[in-house]
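1. take this sequence and fold it.
(one chain, ligands or ions: 1)
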Amino acid sequence: MVLSAAGQHLLRVSRPGAWGQHLLLRVSRPGAWGQHLLLRVSWPGAWGQHHLLRGIGSVSTTAKGFQEKEIREKLQAFPGGSIDLVKQESGIAVLTVNNPARMNAFSGSMMVELEERVSQLEEWTEGKGLIIQGAAGTFCSGSDLNAVRAMSNPQDGMKMCMFMQNVLIRLLRLPLLSVALVEGSALGGGAELTTACDFRLMVPGSMIRFVHKHMGLVPGWGGAARLVRIVGSQNALKMLSGALKVDPEMGLQIGLADGVLEGSLDGSGANALLEAEQWLGCYTTGPASVIRAIKNVVVSGRELPLDVALRTERDVFGTVWGGPANLQALASKAKHK
Ligand SMILES: CC[C@H](C(=O)O)C(=O)SCCNC(=O)CCNC(=O)[C@H](O)C(C)(C)COP(=O)(O)OP(=O)(O)OC[C@H]1O[C@@H](n2cnc3c(N)ncnc32)[C@H](O)[C@@H]1OP(=O)(O)O
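-> So this is what the prediction gives:
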């Protein structure tokens, strides 16, 4: 099926075989890079809840010449900072983008570390929630411009973009309720990172800003596609074409922000993190199996065709029906007044 043929851009969607196989999107873009972009989405059929996540999460984004090992090695050549993960007893993990000397910009090694942390979270079966924050009171200023300058040829840019698209879509699909805690600035790739979370909480004085236009770019980490789904195409168009500074008030108004916190009392960020944990706790109360199932049915409802999403919902339902939490609720004759 050709969705768009404006003489230059072709988007062909073919769906070989029945559900459970592959969705192939071929985007031919003659001209500029003269390359094909091939997205292969694998949706395995028989999903237990644990496998559901893997199924949805197993998007591999490949393009001509894209080798994950190669790009990992290339990214590792730009070290600095870290991505720190603390998994807490409460079932809420805290992931910190930590490169304060560069306003938490993503060095190459941090991109690789983010992928490793996402893998760890995919294996964390007790988890219910995730808060992503920046170190030292600011969120993230996007890609490290030193790495960007050194990788400014289109081939390297494409590879980095595909690596980050994969990581961020896996992050969004984790069976955890995720929150971006935005203090200070979320710029460029930092703004894109906020859209890879289920919710965004902002503190007074913070901003989310897609500065890509001012860099002669568009988002490449999947941030535009996700932004459209969060705020709608009108607002996304304004945000991207105006490189708008979205403050908490505007964030709430357009649905980008899910809440405004009081924020840090002493500049340490500790208060904002506590507030974010309290906010998230309202949604993560309950057994991990149920919270994770909720996230999974929402992800499938959002991302899969309706018939497939319905089948997935049925499969996930089967994992909680008659489960410990369900039996306990039935035995307690719970009333929902
Ligand atoms: C756009 C696409 C791309 C992607 O999606 O992959 C990107 O994300 S490109 C990066 C987009 N971000 C920027 O262009 C940010 C540029 N920086 C700024 O606008 C400011 O530094 C700001 C607003 C983040 C902070 O301003 P402030 O006055 O408070 O502090 P400084 O400017 O003095 O910054 C302190 C220190 O951090 C370095 N810095 C900040 N951002 C980056 C960055 N993205 N990469 C590398 N280094 C960064 C800045 O140069 C200063 O270092 P210093 O050695 O002290 O000069």
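2. which of the three states applies to Asp156?
-> At Asp156, secondary structure determined by DSSP: H, G, I helix; E, B strand; the rest coil is helix.
3. next one: Leu244
-> coil.
4. distance-wise, check it relative to Gly188.
-> Applying CB to CB, to the nearest Å, one obtains 13 Å for the distance of Leu244 from Gly188. All C-beta atoms are positioned from the backbone trio N, CA, C, and that covers glycine.
5. shared neighbours of these two, anything?
-> 209-210 (CB atoms under 8 Å, 6 or more residues apart in numbering).
6. more neighbours: which of the two?
-> Remark: of Leu244 and Gly188, Gly188 carries more neighbours, 28 against 17, as counted by other CB atoms under 10 Å.
7. below-threshold pLDDT in the chain: ranges please.
-> For the chain, residues meeting the criterion pLDDT under 70 lie at 1-66, 264-270.
8. tell me where it has helices.
-> Along the chain, counting by DSSP state H, helices occupy 49-57, 68-76, 108-123, 145-150, 154-172, 189-194, 223-241, 248-254, 270-284, 288-303, 306-320, 324-331.
9. contacts for the third one?
-> Outside of helix 108-123, the residues that reach it under the criterion CB under 8 Å, 6+ apart are 53-54, 57, 72, 74-83, 85, 93, 95, 97, 99, 106, 127, 130, 144, 147, 160, 163-164, 166-167, 170-171, 174, 176.
10. now do the second one
-> Here helix 68-76 makes contact (CB under 8 Å, 6+ apart) with 108-109, 111-112, 115, 147, 151, 156, 159-160, 162-163.
11. redo that, cut-off 10 Å
-> Defining contact as CB atoms under 10 Å, 6 or more residues apart in numbering, one finds that helix 68-76 is touched by 60-62, 67, 106-113, 115, 147, 150-151, 156, 158-164, 166.
12. count of residues packed around Gly184?
-> Using other CB under 10 Å, Gly184 has 21 neighbouring residues.
13. what residues sit buried inside stretch 109-123?
-> Within stretch 109-123, the residues that qualify as buried are 109-115, 117-118, 121-122, counting by 16 or more other CB atoms under 10 Å.
14. now, which of the residues you listed sits nearest Asp258?
-> Asp258 has its nearest neighbour among the buried residues of stretch 109-123 in Leu121, at 20.5 Å by CB to CB.
15. number of nearby residues for Arg229?
-> Other residues close to Arg229 by other CB under 10 Å number 13.
16. against the ligand, how distant is it?
-> According to CB to the nearest ligand atom, to the nearest Å, Arg229 stands 18 Å off from the ligand.
17. residues touching the nearest residue to that residue once chain neighbours are set aside, list them.
-> Using CB to CB, 6 or more residues apart in numbering and skipping residues adjacent in sequence, the residue nearest Arg229 is Arg302, 7.5 Å away. Counting by CB under 10 Å, 6+ apart, Arg302 touches 56, 172-173, 229, 309.
18. now do Arg102
-> 80-81, 140-142, 144-146.
19. of all those residues, which two lie farthest apart?
-> Using CB to CB, these span at most 15.3 Å, a distance reached by Cys140 and Asn146.
20. give me the more crowded residue out of those two.
-> Cys140 (30 against 14).
21. the more buried one touches Ser206, doesn't it?
-> No - between Cys140 and Ser206 there is no contact under CB atoms under 10 Å: 11.6 Å.
22. overlap in contacts of the two?
-> In contact with both Cys140 and Ser206: 182, 184-186, using CB under 10 Å, 6+ apart.
23. can you list those in TSV and add distance to the ligand?
-> Formatted as TSV, the shared contacts of Cys140 and Ser206 follow (distance: CB to the nearest ligand atom, whole Å):
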residue	distance to the ligand
Val182	13
Gly184	8
Ser185	5
Ala186	10
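24. of those residues, which belong to strands?
-> Secondary structure from DSSP state E places 182, 185-186 of the shared contacts of Cys140 and Ser206 in strands.
25. for Gly255, state which of those residues is nearest.
-> So of these, ranked by how close each gets to Gly255 (CB to CB), first place is Val182, at 14.6 Å.
26. could you list the domains of the chain?
-> What the TED database lists as the domains of the chain is 68-282, 288-331.
27. residues in the protein within reach of the ligand, list them.
-> For the chain, the residues in contact with the ligand (CB under 6 Å from any ligand atom) are 102-103, 105, 141-146, 148, 185, 187-189, 192, 211-212, 215, 217, 220-221.
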